[in-house]
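**Student:** the following block contains a protein sequence and its predicted model.
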Amino acid sequence: AKQVGRNGVQFYSEELAAKARQQSRIEEQLKSALSRSDFELHYQPVVDMHTAQLTGVEALLRWPNSHVGPDLFVPIAEATGQIARLGEWVICEACRQHKEWCERGLPPIPIAVNVSAVQFRHDDFAEQFASLLEDEEVGMGALQVELTETALMENLDRAIDVLRRLQEMGIKISLDDFGTGYSSLNYLSRLPINKIKVDKSFVQRIEHDSASRAITEAVIALGRTLKLEVIAEGIESESALSYLRSHGCSHAQGYHVCKPLSGEVFEEWYRAREG
Ligand code: C2E
Ligand code: CA
Ligand code: CA
Ligand code: CA
């Protein structure tokens with residue numbers, strides 16, 4: 001890279017360097033945020049497509065004193081190993097919130113937490129997860145687990161074993177971002193899971209793109225054949241909602257139903273809705 005400015009290679013390496021600087025800055029900030037538990041969970045409702053009843057919420061991590069979302073900082077936490085502590089905080093905070101809602105008179109609302117491939121890779125993941133729930137004194141139905149295909153495909157036989165242990169303890173499992181990974185029929189039928197989530201990239205294109213409709217319909221049909229709940233995520237319009245409902249999708253999540261809310265605002269939403 002001799003010519004400065006007009007040289008593509010040099011420009012590219014400057015971008016890479018800027019990215020590396022940003023990553024190490026975020027790593028440092030994560031470190032102090034972790035020591036102060038400077039995070040929050042927001043909760044996005046999941047409802048039954050037909051009755052509109054709330055069936056649970058998904059916990060989504062927020063870092064209020066930064067301007068970065070989990071799509072950016074979770075991969076950094078994974079690369080540095082910080083995800084272990086962060087993931088443990090998420091599980092404990094979700095347990096705490098579950099108990100708080102119960103104490104305030106809400107019914108027990110299952111909270112699904114996102115589990116990174118790096119957390120899932122740990123030998124005793126199932127036992128660690130269960131023992132955190134025991135320490136927090138909530139039942140095994142309080143929390144559920146969302147995992148991506150990529151996390152499971154790293155070692156399929158082991159994944160099946162871990163998922164089975166979770167299910168035997170009464171913990172429900174969703175396969176997240178379905179359709180974006182390997183999605184082989186053969187492996188899906190072997191997985192002990194309860195739900196699949198149709199990735200929002202397909203759901204958001206339902207109205208515009210016949211390929212996305214075809215994939216969405218295939219995923220719904222597959223889920224029904226395997227007797228799994230099928231949750232469509234990222235529903236942003238009434239027309240997408242009714243399309244999905246008429247094609248046999250069982251559960252709905254997305255801004256059109258409700259945005260992710262703080263624990264407090266979720267409680268208001270719930271009370272207003274239940275009358
Ligand atoms: P995800 O698990 O696929 O979560 C769904 C994302 O879609 C969330 O983004 C949610 O806020 C967003 N969303 C929900 N409804 C709509 C909608 O109608 N339209 C659009 N455009 N988006 C919608 P968020 O909260 O920024 O999270 C991004 C990703 O970060 C998550 O994707 C998940 O992979 C990861 N993540 C979030 N929280 C955690 C966590 O506690 N642990 C781990 N390991 N990963 C997390
Ligand atoms: Ca998820
Ligand atoms: Ca997802
Ligand atoms: Ca995603």
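**Tutor:** That came through fine. Ligands and ions are numbered 1, 2, ... in the order given.

**Student:** so, low pLDDT: which residues of the stretch 1-150 of the chain?
**Tutor:** For the stretch 1-150 of the chain, applying pLDDT under 70 flags the ranges 1-11.

**Student:** strands of that one, start to end?
**Tutor:** Along the stretch 1-150 of the chain, the segments classed as strands by DSSP state E, counting those that start in this stretch run 40-48, 54-62, 111-114, 143-148.

**Student:** next: the stretch 151-275 of the chain.
**Tutor:** Counting by DSSP E, counting those that start in this stretch, the stretch 151-275 of the chain has strands at residues 173-178, 195-198, 229-232, 251-252.

**Student:** adjacent strands (with direction) for the third one?
**Tutor:** Looking at strand 229-232 with DSSP bridges, its partner strands are strand 195-198 (parallel), strand 251-252 (parallel).

**Student:** of the strands of the stretch 1-150 of the chain, which approaches ligand 3 most closely?
**Tutor:** strand 143-148 (7.2 Å; Cβ to the ion). Every C-beta, even on glycine, is put in place using the N, C-alpha and C of the backbone.

**Student:** run me through the strand neighbours of that closest one, direction for each.
**Tutor:** Here, using DSSP bridges, strand 143-148 pairs with strand 111-114 (parallel), strand 173-178 (parallel).

**Student:** count of neighbours near the residue of the stretch 1-150 of the chain found nearest ligand 2?
**Tutor:** Nearest residue of the stretch 1-150 of the chain to ligand 2 (Cβ to the ion) works out as residue 146 at 4.2 Å. Neighbour count of residue 146, defined by other Cβ atoms under 10 Å: 20.

**Student:** pretty sure it sits against residue 176.
**Tutor:** Yes. Look at residue 146 against residue 176 with Cβ atoms under 8 Å: they come within range, at 4.5 Å.

**Student:** overlap in contacts, the two.
**Tutor:** 114, 197 (Cβ atoms under 8 Å, 6 or more residues apart in numbering).
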